[in-house]
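Trainee: what would the 3D arrangement of this be:
(2 chains)
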There are 2 protein chains.
Amino acid sequence: MMQTPLTMTQMITRAEKYFAKKHVVSRTSSGIHRFTYKEIAKRTRRLAHSLEKLGIKKGDRVGTLAWNHHRHLEAYFAIPCSGAVLHTINIRLSPQHIAFIIHHAEDQVLLIDADLIPLIENCQSQLSTVKAYIIMTDDDKLPETSLTPVYHYERLLEEASEEYEFCEDIDENDPAGMCYTSATTGNPKGVVYSHRGIVLHSMALGLADSTALSEKDIAMPVVPMFHVNAWGLPFAATWFGTTLVLPGPYFTPKILAQLIESERVTVTAGVPTIWLGLLKELEKKSYNMSSLRGILCGGAAAPKGMIKAFEKKHNIPFMHAYGMTETSPLAVISTLKSYQEEQSEEERFDLKAKQGILVPCLEMKVIGKNGEVQWNGIEMGELAIRGPWIASEYFKDECTNKAFRDGWLYTGDVVTVDEEGFLKIVDRTKDLIKSGGEWISSVDIENVLMAYETVFEAAVVAVPHEKWQERPVACVVLKDEFKGKVTKEELYEFLSPQFAKWWLPDDIIFMDEIPKTSVGKFLKRTLRDELQSYLQKN
Amino acid sequence: MMQTPLTMTQMITRAEKYFAKKHVVSRTSSGIHRFTYKEIAKRTRRLAHSLEKLGIKKGDRVGTLAWNHHRHLEAYFAIPCSGAVLHTINIRLSPQHIAFIIHHAEDQVLLIDADLIPLIENCQSQLSTVKAYIIMTDDDKLPETSLTPVYHYERLLEEASEEYEFCEDIDENDPAGMCYTSATTGNPKGVVYSHRGIVLHSMALGLADSTALSEKDIAMPVVPMFHVNAWGLPFAATWFGTTLVLPGPYFTPKILAQLIESERVTVTAGVPTIWLGLLKELEKKSYNMSSLRGILCGGAAAPKGMIKAFEKKHNIPFMHAYGMTETSPLAVISTLKSYQEEQSEEERFDLKAKQGILVPCLEMKVIGKNGEVQWNGIEMGELAIRGPWIASEYFKDECTNKAFRDGWLYTGDVVTVDEEGFLKIVDRTKDLIKSGGEWISSVDIENVLMAYETVFEAAVVAVPHEKWQERPVACVVLKDEFKGKVTKEELYEFLSPQFAKWWLPDDIIFMDEIPKTSVGKFLKRTLRDELQSYLQKN
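Mentor: Next up is the predicted model:
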């Protein structure tokens, strides 16, 4: 067989040749813009040429601080297809962490949304590697900024050639992108994605039994493009000629619902908190959601109640999946098998509330107290994964490489696997509650609480206990209309029949909001700290 | 990213773990048999162990002469997953060619269907490399044979271990399979498939915009497993947990129709002559074909009339595709784009009669008289392809390697490409009719003839001409009910409005049958020879 490499240039050139008429819909601060893939490809060539003119060489890192829009998409291809490395910077990291990762990645050029300039101005003095700042804006004029040297994205494109040829000297194992994890302790850790990894991961997104991304889709990644490449959707969508809807900055559930309705979005993707927000919006107002063939949900476990609400009340199919920055991210997806589709409705929802089965090309093992666990849906163990789009190390960070052992990534997630191979995340190893030598899953209790009709969000964390070592405490945010109308006792009454007595939380605390990480996951460490003081006071 | 290799062991082990309950339905000479993938996987491990005990080592070639059935499927995985090379032998080759390729491939062991033993007995004296003959049969006893040493497949499996571990020391570029082309001139040429090529090709079969093969499918490859790995469907189907229906030896259109009806087949695959046969059967008798979501058709151009008959009369969607032994084979498939689906019925059938657009991971160029042709649906040129599942050479056959130049495979197929990137096979370079310095496509005339309701098959070939160099002559087989009732003049009347006058065949000759190659393609060389003597006599 030919040794043609799996590189990303084929993706954008395929869109350019075969899907020239298809569209990218981009919402920016100035409104909705529409570009054909032909235009996007030309602009991508211009950007690649501009980067070359700015001195970017093969292997150099180029950072982006940007929302989901067409210019960010152009950077998604221009940077790797010119041989450089696309470093998407999580704008929700702390200023210290943003400065740290730009410096650690040795970014040579930064592409920055105009409204995000202050994030960089604050730490410019620490950015010794950065040779140029490119501002992405719809305005003709550059905003006032202390950044220097500074360039206007559109002016650079105007001065570059749309005939620019992408780099032909790329090995499939060359780095194409990188993303730092949103660490809750220590410094963020960098994951480097190769061309090969991104191409194979994109193919996995196109598989009929995975997300089945197709030219016929109109895909709206709500998951930010600064977070794990928006789950790889912009890459795969461009390759397959899928219409892309990029929702831009500062969207609300209402804006998302309107975009789905007006653009006839068929598939969208994001974390559970986004969909809880959308669900609330759909309960307030009626929208035409009939175009949607699937909501892809990952990043944290989706509560069964939410899945049910989407499917039963709104007739919107739900695709529950699992992955992490280190896994590109798609690893596991809850596509039901043909014979599972014939089970009772309740059994089907139970399956969909699991993360599902491993996608092709990957391998997994689950290590419990006594070696690999039985596939019985009960035994718990830590999930380890390997495969061609799984990271093998953290970038320039040997001391944190203990997650990578014997060729496997140890995910830090505790899971069960049932007889059908369906994996269920039980907890993070660090969030498991160790009570009297036994394990309690905080996630299980959270999911049951969130299935209760009055509950909006719930987080369960361990608090220290003299006798039992740790005990669970539940933090609950009620839906607006139920605030002040629901008692602890009512929630205990709902929980009691569903758990062994020793699993029940020692306390239930009502809150206005649960602290979250930059990507919308519960920030349990902060919550535990808050509870410490709460418990001392009470 | 991890450097985990793309090898085939992951396919059979995925079926074993995740789709243990799913079925392989196998029709053999003794009837229909049903095996779960769990059973198939165990038997595959036993076969791999048996081969090891017979002395098969990494890289050794093991030949199969067999129909589409479960034992052949076991060989499909046992051979490559033990590190050896699966050499599927085309049973329809001439005895000399069969002996040639076994010797040329240096097959160490042959697995042979009991009813195909005579093919090998005839040439046993020439098979100096073969150390063992394994007979695949439902009978407990071996048939009488002069082959020696000879083994009974099921006895070998009984004596081997179902716990056998597949080879772990496989590089993704190691050879996994090989297949010789059915040469019409010279000796057959061998194509070697790598593990990487087979894995990536299988992913392509699973893409939503390609054949979208899924766990929910019930797939029946009618294309023989001795021909280009039955288009790779057995590999992909096992990997994805698709139910497989293997139609076994000596099937008729009636048997195929019955299998589709009784097994609720969702997708089937084969060459146009198979589907012409099925169409005739459906016109004779009524069958329930409602389970079919697609007929995959390749190997030769599918006439528009046939596509229309399936879709309009029988409500069976048609998937027209293009490939060859050297391309694994899937290269091009006629999946309509979303906006093409909105065109008129006639326009859609015109598109479906084209082979379609290139699948992801591949690249193509079309070389005409003056370099790369315009994508205007008119300019003709030879198709060249490259990609990770395209052959880079013929096995031990340097003098025929002229098809491989500058990293491209020159297919020998003349094509046009339209504005949308839809490729249409115009002809084989060698079958193009060169009349007065211009090109006439034999395939175009054939397709129009075959769209006529009285015509069953039509082949158009070049005959020498003093003035024009070559001129077309059409050979036509009428449908049974129209035999003797249709005149040349009637056919000319049908053809005339559709072609320039100089494209019209100089003669139309009625025949009982058109000679075909071992895989059902028109044998135009033989036809030309027959016509020579016909024209001399008349």
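
Trainee: please work out the average pLDDT along the host helix or strand of A:Gln532.
Mentor: Here A:Gln532 sits within helix A:524-537, counting by DSSP states H and E. For helix A:524-537, the mean pLDDT works out to 78.

Trainee: can you give the contact residues for that helix?
Mentor: By Cβ atoms under 8 Å, 6 or more residues apart in numbering or on different chains, the residues outside helix A:524-537 that reach it are A:184-185, A:431, A:442, A:459, A:461-463, A:473, A:475, A:509, A:514-515. C-beta here means a position set from N, CA and C on the backbone, and glycine is covered the same way.

Trainee: now for those: which two are most distant?
Mentor: A:Thr185 and A:Ile509 (23.8 Å; Cβ to Cβ).

Trainee: and the helices in the stretch 201-350 of chain A?
Mentor: Using DSSP state H, counting those that start in this stretch, the helices of the stretch 201-350 of chain A run over A:228-231, A:233-240, A:253-263, A:272-284, A:304-308, A:345-352.

Trainee: just the C-alphas of the helix holding A:Gln532, formatted as PDB.
Mentor: What follows is helix A:524-537, C-alpha atoms only, in PDB (Å, rounded to 0.1, in the frame of the first residue of the first chain):
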ATOM      1  CA  LYS A 524     -15.600  20.200  43.600                       C
ATOM      2  CA  ARG A 525     -12.400  21.200  45.300                       C
ATOM      3  CA  THR A 526     -13.700  24.800  45.700                       C
ATOM      4  CA  LEU A 527     -17.000  23.300  46.900                       C
ATOM      5  CA  ARG A 528     -15.300  21.200  49.400                       C
ATOM      6  CA  ASP A 529     -13.400  24.200  50.700                       C
ATOM      7  CA  GLU A 530     -16.600  26.200  51.000                       C
ATOM      8  CA  LEU A 531     -18.300  23.400  52.800                       C
ATOM      9  CA  GLN A 532     -15.400  23.100  55.300                       C
ATOM     10  CA  SER A 533     -16.100  26.600  56.500                       C
ATOM     11  CA  TYR A 534     -19.900  26.100  56.300                       C
ATOM     12  CA  LEU A 535     -19.700  22.900  58.400                       C
ATOM     13  CA  GLN A 536     -17.400  24.700  61.000                       C
ATOM     14  CA  LYS A 537     -19.900  27.500  61.300                       C
END
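
Trainee: name the residues of the stretch 301-450 of chain A found near chain B, please.
Mentor: Contact residues, the stretch 301-450 of chain A versus chain B (Cβ under 8 Å from any Cβ of the partner chain): A:335, A:337-339, A:341, A:357-358, A:360-361, A:363, A:386-392, A:407, A:409, A:420-421.

Trainee: if you set the cut-off to 6 Å instead, what comes out?
Mentor: Residues of the stretch 301-450 of chain A lying close to chain B (Cβ under 6 Å from any Cβ of the partner chain) are A:Lys337, A:Ser338, A:Ile357, A:Pro360, A:Arg386, A:Gly387, A:Pro388, A:Ile390, A:Ser392, A:Gly421.

Trainee: cool, and the stretch 101-250 of chain A?
Mentor: Contact residues, the stretch 101-250 of chain A versus chain B (Cβ under 6 Å from any Cβ): A:Ser194, A:Gly197, A:Met203, A:Gly206, A:Leu207, A:Ala208, A:Asp209, A:Ala212, A:Ser214, A:Glu215, A:Lys216, A:Trp239.

Trainee: go again using 8 Å as the cut-off
Mentor: So far as Cβ under 8 Å from any Cβ goes, the stretch 101-250 of chain A lies against chain B at A:173, A:192-194, A:196-197, A:199-200, A:203-204, A:206-209, A:212-216, A:239-241.

Trainee: of all of the stretch 1-150 of chain A, which residue lies closest to chain B?
Mentor: Of all residues in the stretch 1-150 of chain A, A:Met1 sits closest to chain B, at 3.9 Å by Cβ to the nearest Cβ.

Trainee: most surrounded residue in the residues of the stretch 301-450 of chain A next to chain B?
Mentor: Neighbour tally across those (other Cβ atoms under 10 Å in any protein chain shown): the maximum, 29 neighbours, falls on A:Ile390.

Trainee: where does it sit: helix, strand or coil?
Mentor: When classified by DSSP: H, G, I helix; E, B strand; the rest coil, A:Ile390 comes out as coil.

Trainee: distance of it relative to B:Leu93?
Mentor: Note on A:Ile390: its distance to B:Leu93, by Cβ to Cβ, to the nearest Å, is 44 Å.

Trainee: cool, A:Ile514 as well?
Mentor: Look at A:Ile514 and B:Leu93: by Cβ to Cβ, they are 70 Å apart.

Trainee: got it, and A:His227?
Mentor: For A:His227, the distance to B:Leu93 equals 56 Å [Cβ to Cβ].

Trainee: and A:Ile218, how many neighbours?
Mentor: 23.

Trainee: leaving out chain neighbours, which residue sits closest to it?
Mentor: Sequence neighbours aside, A:Thr243 is the residue nearest to A:Ile218 in space, at 4.3 Å (criterion: Cβ to Cβ, 6 or more residues apart in numbering or on different chains).

Trainee: and that neighbour, what does it touch?
Mentor: By Cβ under 8 Å, 6+ apart, the contact list for A:Thr243 reads A:Lys22, A:His23, A:Val24, A:Val25, A:Asp217, A:Ile218, A:Ala219, A:Ala237, A:Glu263.

Trainee: again, only using 10 Å
Mentor: A:Thr243 is in contact with A:19, A:22-25, A:34, A:37, A:215-220, A:237, A:263-266, B:338, counting by Cβ atoms under 10 Å, 6 or more residues apart in numbering or on different chains.

Trainee: same thing with A:Leu523?
Mentor: A:Ser182, A:Thr184, A:Ala459, A:Ile514, A:Pro515, A:Lys516, A:Thr517, A:Asp529, A:Glu530.

Trainee: of those residues - the most surrounded one?
Mentor: A:Ala459 (27 neighbours).

Trainee: hang on, that one packs against A:Lys516?
Mentor: Yes. Between A:Ala459 and A:Lys516 there is a contact under Cβ atoms under 10 Å: 9.4 Å.

Trainee: common neighbours of these two, please.
Mentor: The contact sets of A:Ala459 and A:Lys516 overlap at A:Phe522, A:Leu523, A:Leu527 (Cβ under 10 Å, 6+ apart).

Trainee: okay, and the beta partners of the closest residue in space to the last one that isn't next to it in sequence?
Mentor: Meaning A:Leu527. Leaving aside its chain neighbours, A:Leu527 sits nearest to A:Val461 (5.2 Å; criterion: Cβ to Cβ, 6+ apart). The residues listed as beta-bridge partners of A:Val461 by DSSP bridges are A:Val473.

Trainee: A:Val461: what's it in contact with?
Mentor: A:431, A:433, A:442, A:446, A:470, A:472-475, A:505, A:522, A:524-531.

Trainee: select only the buried ones of these in PyMOL?
Mentor: To isolate the buried subset of the contacts of A:Val461 in PyMOL, counting by 16 or more other Cβ atoms under 10 Å in any protein chain shown, use the following:
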select buried, chain A and resi 431+433+442+446+470+472+473+474+475+505+522+524+527+528+530+531
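
Trainee: re the thing from before, what separates the residue nearest to A:Ile218 from A:Met11, distance-wise?
Mentor: 16 Å.

Trainee: and the longest helix along chain A, what's buried?
Mentor: Longest helix in chain A, counting residues (DSSP state H): helix A:37-53. Neighbour counts using 16+ other Cβ under 10 Å place A:37, A:39-52 of helix A:37-53 among the buried residues.

Trainee: now stretch A:111-131
Mentor: Buried residues in stretch A:111-131, counting neighbours by 16+ other Cβ under 10 Å, are found at A:111-117, A:119-120, A:123-124, A:127, A:129-130.
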